[in-house]
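Novice: okay, sequence plus prediction incoming.
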Amino acid sequence: MKKILITGSNGLLGQKLAALLLPRTDVELLATSRGENKLAEIFPTLAFASMDVTNREDVDRVVADFKPTHLIHTAAMTNVDQCESDREGALKLNRDAVAYVVEACEKHNVHLIHLSTDFIFDGEDGPYDEEAEGNPISFYGETKLMAEEIVKQARCKWAILRTVLVYGVVHEYGRTNIVLWVRDSLRAGKVIKVVTDQFRTPTLAEDLAMGCWLAVQQDAEGIYNISGKEMYTPYDMALLVADYFQLDKSLIDKADGSTFSQPAKRPPRTGFIITKAEQELGYKPHTFQEGIAMVAAQAEQY
Ligand SMILES: NC(=O)C1=CN([C@@H]2O[C@H](COP(=O)(O)OP(=O)(O)OC[C@H]3O[C@@H](n4cnc5c(N)ncnc54)[C@H](OP(=O)(O)O)[C@@H]3O)[C@@H](O)[C@H]2O)C=CC1
Ligand SMILES: Cc1cn([C@H]2C[C@H](O)[C@@H](COP(=O)(O)OP(=O)(O)O[C@H]3O[C@@H](C)C(=O)[C@@H](O)[C@H]3O)O2)c(=O)[nH]c1=O
């Protein structure tokens, strides 16, 4: 029996983890997030505790009470532009909270599964394997790299799962994702500018949740790349989405990322080599086309 505590359960990955793990009879699950449980309606049997990861006492108390075997730390400030403008907040959530989570895992002998990102790299020479050196070009990336350094020093079992551009349908969620953004814009007849100078291996949120579960099941330690396998530009992705939904591709304009006035710089070419996760964990991601179909089916319900 695995006892799993999830942080950030209201978020994109957190919700998919809840959906994957709640039905399992070999898992006892505790979902945690700051504030209220947004999943109460869709998962009425989900055990939930409100836990603010930036509150050291909160983290220690909830971990001490539940005594998990594994903790999947998904909570983070994931708005890359916001991290640039609210540096203090980004440090609190993406660095300091990780230190509290590590401390609690050490004290209560918990195996930590920590989520990280392709944005720890400069994007000059992707796709990257697990050995590549970090060199962030955004403050988000900096804080996530600091977090990795903290996790690597931990005196408990730990794994760092790095991922890339995650997409999926979620409940009561403020952000959209690349598939539905393209679909909904084209359906409304809106012209969209989509970048041709960023390269990514986009990740279906369900695949990432499965990667986390495989890491738990196998007590994986060390660094693992968990993403999609195919490298695309967002422009390529938009064309595939338009094809799938049979929408007008002439509404998709090519854009150069450098012309966007975003506060945070984005790394041009990231993407991951996922051979290690495939071979060691048995990780098998869907293709992007399969991912679009899954998102489409789920989006019907919304
Ligand atoms: N999404 C992506 O494209 C990528 C994500 N990652 C990493 O994967 C992980 C999961 O990302 P994702 O699921 O997309 O993130 P989300 O932003 O969707 O979810 C994060 C969740 O954490 C919650 N949270 C925020 N602050 C706190 C706090 N102080 N205490 C407790 N919970 C808090 C948020 O709550 P609220 O809803 O109240 O804001 C939110 O529900 C992150 O570590 C991220 O860095 C890596 C690469 C790509
Ligand atoms: C809004 C917009 C985005 N895009 C492209 C650029 C980008 O690659 C993709 C997604 O846009 P965003 O600004 O949401 O993406 P961004 O904030 O860059 O997403 C990142 O999030 C964090 C949390 C991560 O860790 C990264 O892996 C990464 O995926 O879509 C366009 O081409 N045109 C647009 O108008």
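Specialist: Cool, got the structure. Ligands and ions are numbered 1, 2, ... in the order given.
Novice: which stretch of helix or strand covers residue 261?
Specialist: Assignment of secondary structure by DSSP states H and E places residue 261 within no helix or strand.
Novice: get me the contact residues on the protein for ligand 1.
Specialist: 7-8, 10-14, 33-35, 52-54, 74-76, 78, 93, 115, 117, 144, 163-166 (C-beta under 6 Å from any ligand atom). For the C-beta atoms, the positions are set from N, CA and C on the backbone; glycine is no exception.
Novice: count of residues packed around the residue in the stretch 1-150 of the chain that ligand 1 sits nearest to?
Specialist: Here the stretch 1-150 of the chain gets closest to ligand 1 at one residue, residue 11, 1.9 Å apart by C-beta to the nearest ligand atom. Look at residue 11: counted by other C-beta atoms under 10 Å, it has 23 neighbours.
Novice: next, it: phi, psi?
Specialist: Dihedral pair for residue 11: phi -90, psi -180, per degrees, to the nearest 10.
Novice: and what of residue 49?
Specialist: phi -130, psi 140.
Novice: tell me the pLDDT at it?
Specialist: pLDDT, residue 49: 98.
Novice: and it, what does it touch?
Specialist: Listed by C-beta atoms under 8 Å, 6 or more residues apart in numbering, the contact set of residue 49 reads 30, 31, 32, 62, 65, 66.
Novice: swap in residue 13?
Specialist: So residue 13 contacts 74, 115, 166, 205, 208, 209, 212 (C-beta under 8 Å, 6+ apart).
Novice: mind running it again at 6 Å?
Specialist: By C-beta atoms under 6 Å, 6 or more residues apart in numbering, the contact list for residue 13 reads 74, 208.
Novice: in a helix, it, correct?
Specialist: Yes: with DSSP: H, G, I helix; E, B strand; the rest coil as the criterion, residue 13 is part of a helix.
Novice: pLDDT score assigned to it?
Specialist: 98.
Novice: equivalent analysis for residue 170, please.
Specialist: Confidence score, pLDDT, at residue 170: 91.
Novice: backbone dihedrals for it, please?
Specialist: phi -130, psi 160.
Novice: need the contact list for it.
Specialist: 12, 15.
Novice: try 10 Å
Specialist: 10-16, 19, 38-39, 176-177, 205, 298, 302 (C-beta atoms under 10 Å, 6 or more residues apart in numbering).
Novice: which non-adjacent residue is nearest residue 286?
Specialist: For residue 286, ignoring the flanking residues on the chain, the nearest one in space by C-beta to C-beta, 6 or more residues apart in numbering is residue 204 at 5.2 Å.
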